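Undergrad: Show me how the following folds:
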Amino acid sequence: MEMFQFLIDEHKPGVVFQFEITADIMRPEVIQFLNDNAPVGLFRFEIGVQSTNDLTNELVKRKQNFAKLTRTVTMVKEGGKIAQHLDLIAGLPEEDYASFKQTFNDVFEMRPEELQLGFLKLLRGTGLRIQAKEYGYVFVDQAPYEIFSNNVLSFDDMLRIKQAEDVLEKYWNAHRLDRTVEYLVTTTFETPFDFFQDFGSYWENKGWSRIGHQLEDLFKRLEEFLLYDGRAHMATVRSLMKLDYLSHQKFQPRKPWWEKEMAREEQSMIYKKIIENPLIAGQQFAQLSLHEREVHKQTSLVPFSLDLSALEQENTLQAKDGYLLTYYKPGQTPQFSFIQKEQIS
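TA: As a prediction, the model looks like this:
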């Protein structure tokens with residue numbers, strides 16, 4: 001705690017200190033000290049979970065109390081001061097595909113800011129390199145010595161996990177669609193890993209891993225996959241995707257990912273009513289006292305099928321037909337308002 005206090009006292013703006021920590025042996029009072037005293041963003045924790053399979057951890061001589069690790073990660077996350085990066089390793093001894101899936105879901109349950117899927121490398125001089133034949137490892141005999149398979153994890157299994165990893169990086173670790181992904185992994189797919197795996201395999205089959213992408217492409221490709229998959233409630237998903245997309249914009253987007261959904265006449269009619277009575281977009285919007293030109297230039301209007309107030313205040317999804325009005329003020333995050341359909345009919 002003296003070291004942490006020194007860094008808190010002496011740090012300069014923009015500096016981040018990253019610590020690799022063993023989370024299951026950190027005392028709660030140390031975490032509480034950081035939650036109480038650390039500035040937001042000053043510290044970053046990297047935590048090597050690697051596996052939650054007890055036999056696997058025993059075979060690699062790794063002692064880990066997952067319950068205590070979970071307590072630490074949860075405490076840090078609830079404090080809101082420190083970003084956490086949790087690591088997993090695919091290909092450890094006796095960790096087959098089903099076991100790795102369980103490991104992933106165990107760790108994702110904690111919703112770390114970043115979850116990295118690494119792949120085992122048999123470095124020269126390590127215990128597993130010496131035991132390679134015992135576990136049936138097939139690997140590249142030159143740096144970085146990454147494995148292809150072992151006695152319980154096939155080459156095809158490794159490829160599938162890499163496909164899940166690709167989508168995990170783009171859609172979770174990059175935090176482009178947090179609301180949407182949270183909805184999909186909790187209500188649509190059987191487990192979080194199933195979402196990343198199914199989408200990752202679809203992504204690879206479409207050849208998207210071999211071409212570039214812009215922000216809009218990520219939304220279009222997710223929508224295409226979900227339409228193909230058929231399990232998602234698309235009205236809900238599209239509304240969450242719009243909210244995620246617009247949250248990342250600093251200015252009114254010229255080419256949003258969705259197709260044009262409103263006729264010019266309908267949009268003009270709604271804007272006219274907003275200008276005549278700003279209160280239909282809520283008290284906060286009305287207090288902006290925007291002129292007609294500012295309303296047209298600094299806002300966007302899209303159909304929306306969720307109660308925005310319930311979503312933002314209670315984190316609940318309630319169906320409600322209306323429109324999402326987004327106000328963009330240069331240098332600030334977008335401000336959202338919800339207009340019920342019945343208010344303008």
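Undergrad: now the residue nearest the centre of the chain: how far from E165?
TA: Residue closest to the average C-alpha location in the chain (CA atoms, centre = their mean): W172, at 2.6 Å. Distance from W172 to E165, counting by CB to CB, to the nearest Å: 10 Å. All C-beta spots, glycine's among them, are computed from the backbone N, C-alpha and C.
Undergrad: intersection of neighbour lists for the two?
TA: Contact criterion CB atoms under 8 Å, 6 or more residues apart in numbering; residues shared by W172 and E165: F196.
Undergrad: mind listing what S51 touches?
TA: Here S51 is in contact with 57, 62, 88-89, 92, 95, 99-100, 103 (criterion: CB under 8 Å, 6+ apart).
Undergrad: okay if I get those as CSV plus pLDDT and distance to L115?
TA: Formatted as CSV, the contacts of S51 follow (pLDDT from 0 to 100; distance: CB to CB, whole Å):
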residue, pLDDT, distance to L115
N57, 96, 18
R62, 92, 19
L88, 98, 7
I89, 98, 12
L92, 98, 16
E95, 98, 16
S99, 98, 17
F100, 98, 13
T103, 98, 11
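Undergrad: And the strands in the stretch 51-200 of the chain?
TA: Under the criterion DSSP state E, counting those that start in this stretch, the stretch 51-200 of the chain contains strands at 83-90, 114-119, 138-139, 147-149.
Undergrad: so what does the first one touch, helix or strand wise?
TA: To tie it back to what came earlier, the one meant is strand 83-90. Here strand 83-90 touches strand 43-50, helix 66-79, helix 97-108, strand 114-119, going by 3 or more CB pairs under 8 Å, 6 or more residues apart in numbering; DSSP states H and E.
Undergrad: Check which strands are paired with the shortest one and give the direction for each one.
TA: It refers to strand 114-119. Strand 114-119 has the following sheet partners, assigned by DSSP bridges: strand 83-90 (parallel).
Undergrad: now the helices: where do they sit in the stretch 151-300 of the chain?
TA: 155-168, 178-183, 192-205, 215-229, 234-247, 264-276, 283-286, 292-298 (DSSP state H, counting those that start in this stretch).
Undergrad: outside of the third one, which residues touch it?
TA: Applying CB under 8 Å, 6+ apart, the external contacts of helix 192-205 come out as 101, 104-105, 108-109, 160-168, 171-172, 181, 184-185, 188-189, 209, 221-222, 225, 228-229.
Undergrad: doesn't T72 make contact with N35?
TA: No: counting by CB atoms under 8 Å, T72 is not a contact partner of N35; they are 11.6 Å apart.
Undergrad: Tell me which residue of the chain is furthest from the middle?
TA: The chain, farthest from centre, CA atoms, centre = their mean: E276 at 39.7 Å.
Undergrad: Need the per-residue pLDDT for that residue.
TA: We have a pLDDT of 93 for E276.
Undergrad: on that earlier part again, would you format the helices of the stretch 151-300 of the chain as CSV with distance to E314 included?
TA: Putting these into CSV (distance: least, CB to CB, whole Å) gives the following:
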stretch, distance to E314
helix 155-168, 28
helix 178-183, 14
helix 192-205, 23
helix 215-229, 25
helix 234-247, 15
helix 264-276, 26
helix 283-286, 18
helix 292-298, 28
